[in-house]
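Novice: any chance you can model this:
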Amino acid sequence: MADKITPYKNSSLGKKEQVAQMFDTISGNYDNLNRVISFGIDIKWRKKVLKIVSDSQPANILDIATGTGDLAILMAETKAEKIIGLDISAGMLEVGQKKIEDKKLTNRINLVLGDSEKIPFEDNYFDAITVSFGVRNFENLEKGFSEILRVLKPNGVFVILETSVPDKTPYKQGYRFYSKNILPIIGKLFSKDNSAYGYLSESAAAFPYGEALNNILRKIGFIDVVAMPQTFGVATIYSASKK
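Specialist: Numbering: from 1, shown residues only. Coordinates of the predicted model:
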């Protein structure tokens, strides 16, 4: 299952390369953008992910599409001995590495330049795997999920935090207005790369969410799949496990 939406539709590059290029371009402003477009509520959502992961008492954690490392850094509040952050954008990882060094977490968190569809670790390696606002950027969603299932240990926990679309009035109408009219303006304030912010909005609207995403996870082989809508449905936390 490949996402047809790409950041730069006239580019000869594939989605994967375009996404890496896009995030390299906006990496310096990405953290500020996240706070503004979510009104800071994304911090609350990430703490809920932390609670789910902490309850599983993992020894090691993989944070895929780690970006500037926000969730990986938050995972340091667990008792995990080792946390790996994986991302295809060198620019985002450069920002993340500085944050990790500033927080003196280099002994617990390692950032790795890599592809979610070719995860550079052996089978059954991680106790917990997280993805925060990243699965919609996978070039092939089912291939990415299959790789995650491969490197997750039996009984391990997989947690996704991703945008979704409210399905109840008036939140549905408000979300559409915000995405179409307000988000592009915010993007222009943060970056000259208007295509990037258009992509972020379009990809969120087109991405499967709720039961549709649950069914994809089950198809790949995940069990105990649960979707938990957040803040009127503008985001959803998904948790799943492996036999």
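
Novice: which elements pack onto the longest helix anywhere in the chain?
Specialist: In the chain, assigned by DSSP state H, the helix with the most residues is helix 41-55. Judged by 3 or more Cβ pairs under 8 Å, 6 or more residues apart in numbering; DSSP states H and E, helix 41-55 is in contact with helix 30-37, helix 70-74, strand 126-132, strand 152-163, strand 223-230, strand 235-241. Backbone N, C-alpha and C define where each C-beta goes, glycine included.

Novice: output these as JSON lines; include the columns mean pLDDT, distance to Y199 and mean neighbour count.
Specialist: Below are these laid out as JSON lines (pLDDT from 0 to 100; distance: least, Cβ to Cβ, whole Å; neighbours: other Cβ atoms under 10 Å):
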{"stretch": "helix 30-37", "mean pLDDT": "74", "distance to Y199": "13", "mean neighbour count": "17"}
{"stretch": "helix 70-74", "mean pLDDT": "97", "distance to Y199": "20", "mean neighbour count": "24"}
{"stretch": "strand 126-132", "mean pLDDT": "98", "distance to Y199": "17", "mean neighbour count": "26"}
{"stretch": "strand 152-163", "mean pLDDT": "97", "distance to Y199": "13", "mean neighbour count": "21"}
{"stretch": "strand 223-230", "mean pLDDT": "98", "distance to Y199": "22", "mean neighbour count": "15"}
{"stretch": "strand 235-241", "mean pLDDT": "97", "distance to Y199": "18", "mean neighbour count": "22"}
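
Novice: tell me which of these lies nearest to D24.
Specialist: Closest approach to D24 among the helices and strands packed on helix 41-55 is made by helix 30-37 (10.4 Å; Cβ to Cβ).

Novice: does anything pack onto the closest one? Which helices or strands?
Specialist: Checked by 3+ Cβ pairs under 8 Å, 6+ apart, helix 30-37 has helix 41-55, helix 90-102, helix 183-190 packed alongside it.

Novice: how far does the helix or strand just after the first one sit from the chain's center?
Specialist: Pointing back at helix 41-55 there. Once the chain leaves helix 41-55, the next helix or strand it forms, by DSSP states H and E, is strand 60-64. In this view, strand 60-64 has its centroid 12 Å away from the chain centroid, taken as Cα atoms, centre = their mean, to the nearest Å.

Novice: residues contacting strand 60-64, please?
Specialist: 53, 69, 71-72, 75, 78, 80-87, 116, 119, 121, 125-132, 134, 144, 148, 151 (Cβ atoms under 8 Å, 6 or more residues apart in numbering).

Novice: burial count for K243?
Specialist: Number of residues near K243 (other Cβ atoms under 10 Å) recorded here: 9.

Novice: pretty sure it contacts R218?
Specialist: No - if you go by Cβ atoms under 8 Å, K243 and R218 don't touch, sitting 12.0 Å apart.

Novice: and what about E17, helix, strand or coil?
Specialist: The local conformation at E17, judged by DSSP: H, G, I helix; E, B strand; the rest coil, is helix.
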